[in-house]
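[1] turn this into a model:
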Amino acid sequence: MTPLSTLAGVIEGIVSSTPAAFVTMLVRDLRNARDPIDRQRFSFTKIGSPVDAQLSALVEAWRDEPAVGASALAIAFEAALAARTMASSTVELVWTGPTTETASTLNTTAVLFSIVRRARKRLSLMSFSAFPIAGLLEELSAACDRGVEVRLILESVADSGGRLTIDAALPFERLRGRANFYAWPRDQRGPGAMMHAKVVVADGQLALVTSANLTERGVDSNFELGTYFEGNAIPNEIEQRLDDLVARGTLARRA
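    Presented below is the predicted three-dimensional model:
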């Protein structure tokens, strides 16, 4: 393996040891910079901060590479961050139903409960239908207890135009006043449209997109397929789209 240059080594060290948001701000400042730049020009940090030594090393290594402009350095950081993201990214098949002779895959129940338990700030669950799942209500209650903002986006009999016979919110009634309930109002839909998505997403970091409804059969015994995402852009994109639908009133709060 070819040894890294000093500058490349500093870039790798910063990207591997600091939050992605820090690297993003660093890229922003580099794109706005005029060469040469010194560490005081990095607007998001202060001298003496935990990253000051790393920024000092970056400036020193950069001065030894006069042909590398600020834009090129920004691109190098973006590439290193993308490589780090891809290396830590997880996309896995989630399977419920008949077993196969191929390698085992994640189980819907296990993934559902794992996401709920790992949520620290925000948790959204979306389903067309729902029936009690052993232990799920308790796990959602525990999430509320630790300060997680729980959002339940569920179909109702009225909004479904009679296609659903029991409100999907019914199994979660004990969470009223603690979790936020949302629905897709019928007047916000096209003719015959159904809210058929089944999604669980936490903190913009973990997500399950599945064919399984929030029912015991759906997560444990039906033939259902889904995909689990962690450490990539998909969970955050799902969360942002749900936020946008709430902000637009497309998804309406239900008391």
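
[2] which pLDDT value belongs to D35?
    Looking at D35, its pLDDT reads 57.

[3] now do the one 10 residues further on
    At T45, the predicted lDDT confidence score is 53.

[4] now the strands for the protein?
    Ranges of strands within the chain are 90-96, 122-127, 149-154, 180-183, 199-202, 206-210, 224-230, 252-254, based on DSSP state E.

[5] can you list the domains in the protein?
    6-87, 90-254 (automatic domain parsing).

[6] quick one: the helices in this structure?
    For the chain, the helices defined by DSSP state H occupy 6-17, 20-31, 52-63, 70-88, 108-118, 136-145, 216-220, 233-248.

[7] a markdown table for the strands of the chain, including distance to G161, mean pLDDT and mean neighbour count?
    The C-beta positions use only the backbone N, C-alpha and C, and glycine is treated the same way. As requested, the strands of the chain are arranged in a markdown table below (distance: least, C-beta to C-beta, whole Å; pLDDT from 0 to 100; neighbours: other C-beta atoms under 10 Å):
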| stretch | distance to G161 | mean pLDDT | mean neighbour count |
| --- | --- | --- | --- |
| strand 90-96 | 28 | 88 | 16 |
| strand 122-127 | 17 | 98 | 23 |
| strand 149-154 | 15 | 98 | 21 |
| strand 180-183 | 13 | 97 | 20 |
| strand 199-202 | 22 | 98 | 25 |
| strand 206-210 | 24 | 96 | 24 |
| strand 224-230 | 24 | 93 | 20 |
| strand 252-254 | 16 | 93 | 14 |
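
[8] separation between I115 and T108?
    From I115 over to T108 the distance is 11 Å, taken as C-beta to C-beta, to the nearest Å.

[9] which one of these two has more residues nearby?
    Each of I115 and T108 has its neighbours counted (other C-beta atoms under 10 Å); T108 has more, 27 against 23.

[10] list the contacts of the more buried one.
    Contacts for T108 (C-beta atoms under 8 Å, 6 or more residues apart in numbering) come out as V94, W95, T96, L208, T210, A212, G218, V219, D220, E224, G226.

[11] 6 Å - rerun?
    Residues in contact with T108 (C-beta atoms under 6 Å, 6 or more residues apart in numbering) are V94, T96, A212, V219, E224.

[12] do M195 as well
    E155, W184.

[13] shaky segments in the chain?
    Residues of the chain meeting the criterion pLDDT under 70: 1-3, 34-51, 87-88, 101-104.

[14] ok, back up a step: most packed of the domains of the chain?
    domain 90-254 (a mean of 17; mean count of other C-beta atoms under 10 Å).

[15] coming back round to it: would TSV of the helices of the chain with distance to L175 be doable?
    TSV is the format used below for the helices of the chain (distance: least, C-beta to C-beta, whole Å):
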stretch	distance to L175
helix 6-17	40
helix 20-31	32
helix 52-63	44
helix 70-88	33
helix 108-118	12
helix 136-145	6
helix 216-220	18
helix 233-248	18
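
[16] which of these sits closest to E173?
    helix 136-145 (9.4 Å; C-beta to C-beta).

[17] mind saving the C-alpha coords of that closest one as PDB?
    What follows is helix 136-145, C-alpha atoms only, in PDB (Å, rounded to 0.1, in the frame of the first residue of the first chain):
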ATOM      1  CA  LEU A 136     -44.300  -3.000  21.500                       C
ATOM      2  CA  LEU A 137     -46.500  -0.700  23.500                       C
ATOM      3  CA  GLU A 138     -44.200  -1.100  26.500                       C
ATOM      4  CA  GLU A 139     -41.200  -0.300  24.400                       C
ATOM      5  CA  LEU A 140     -42.800   2.800  23.000                       C
ATOM      6  CA  SER A 141     -43.800   3.900  26.500                       C
ATOM      7  CA  ALA A 142     -40.200   3.400  27.600                       C
ATOM      8  CA  ALA A 143     -39.100   5.500  24.600                       C
ATOM      9  CA  CYS A 144     -41.400   8.300  25.800                       C
ATOM     10  CA  ASP A 145     -40.000   8.000  29.300                       C
END
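
[18] thanks a lot, see you next time.
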